[in-house]
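Peer 1: Whatever this is, show me its structure:
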Amino acid sequence: MCRWLAYSGEALKPAVLILDAQHSLVAQSLNSPLGAETVNGDGFGFGWYPEGSTAASTPALFHSTEPAWNDENLRELTNSIASPLFFGHVRAAGGPPIQQTNCHPFRYENWMFMHNGFLDGFTAMKRDLTFSVDDSLYPLIYGTTDSEVLFYLALTLGLQDDPIGAMTKAVKRVEEVGESKGIRFPMQGTMALSDGATIWAFRYSTSRRSRSLYHSVAIPELREMYPDAARLDAFGDKAKVVVSEPLTDIPGAFIEVSESTVAILNDDGYHHEPFLSDGD
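Peer 2: Below you'll find the predicted structure:
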């Protein structure tokens, strides 16, 4: 339903990835070969932690209902700031209306969340899922998307203390409600979550046929592979990006994240863990 990217590392002008990469996020909004929809023109969102921020810092957000390729403000903004951690998301609306409150990423305190996919049968599940959200958090759901409800459900279930555990509980709740409504495959998608220091990127679906997800190879390794690649000069050694589909055709630059996996990106590099794999 959408395309997204998440970056962490040395402070970088987001335009390098969102606008200027070979297969940038804006380019993917026009043509997404690996996506369920080839065009993602129903709004976009950009969220970033300011340069010099800490893990407790509140991220800034910019949402628009314009297609990403048609918004000059996005170009101005992403060329004017530098950020050590940012999210970008382009949307293909699958039902909820095109409005700013439905644009990803979503924010709660120092946390950001975005999703590519859908909760199948959400209209049938919506009442049960929203009633599962804590009373103190429910008024903060401003939009009408299944993704925002999923985020606040995870917050209710302890996301701030245990991100992976809370997302596990939230997805299991979706599947329990879906099963009770006769929905065979209620959960589909890839999700990105950050507290300002770490990125957790989840790939999971009930059907075990999830949306695509990739992350970049470590920059020092890429420099050894391609010592003459000038485009790598823009990145520091800690630069990492996780994306719906690769941003370049350079062989070996991106690795596919396996089905039912969470990829964890922080200053130590990349780490993969099973997520709701068989037996969980």
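
Peer 1: and L25, what pLDDT?
Peer 2: The predicted structure scores L25 at 83 on the pLDDT scale.

Peer 1: burial count for the residue nearest to R208 when sequence neighbours are not counted?
Peer 2: Closest residue to R208 in three dimensions, ignoring its sequence neighbours and counting by Cβ to Cβ, 6 or more residues apart in numbering: E259, at 5.7 Å. Any C-beta I mention is one placed from the backbone N, CA and C, and that applies to glycine too. Neighbourhood size, E259 [other Cβ atoms under 10 Å]: 15.

Peer 1: E259 is in contact with F202, isn't it?
Peer 2: No. Counting by Cβ atoms under 8 Å, E259 sits too far from F202 to count as a contact (10.9 Å).

Peer 1: re the thing from before, just checking, the residue nearest to R208 is part of a strand?
Peer 2: No. Secondary structure of E259, determined by DSSP: H, G, I helix; E, B strand; the rest coil: coil, with no strand assignment.

Peer 1: Look up phi and psi at it.
Peer 2: Backbone torsions of E259, given as degrees, to the nearest 10, read phi -60, psi 150.

Peer 1: tell me the strands in the stretch 51-200 of the chain, going along the chain?
Peer 2: 60-64, 83-91, 106-108, 111-119, 187-194, 199-205 (DSSP state E, counting those that start in this stretch).

Peer 1: Quick one: mean pLDDT for stretch 88-96?
Peer 2: Mean pLDDT, stretch 88-96: 75.

Peer 1: same deal with stretch 50-59?
Peer 2: Throughout stretch 50-59, pLDDT has a mean value of 84.

Peer 1: Buried ones in it, by neighbour count?
Peer 2: Of the residues in stretch 50-59, those with enough neighbours to count as buried (16 or more other Cβ atoms under 10 Å) are 50, 53, 57, 59.
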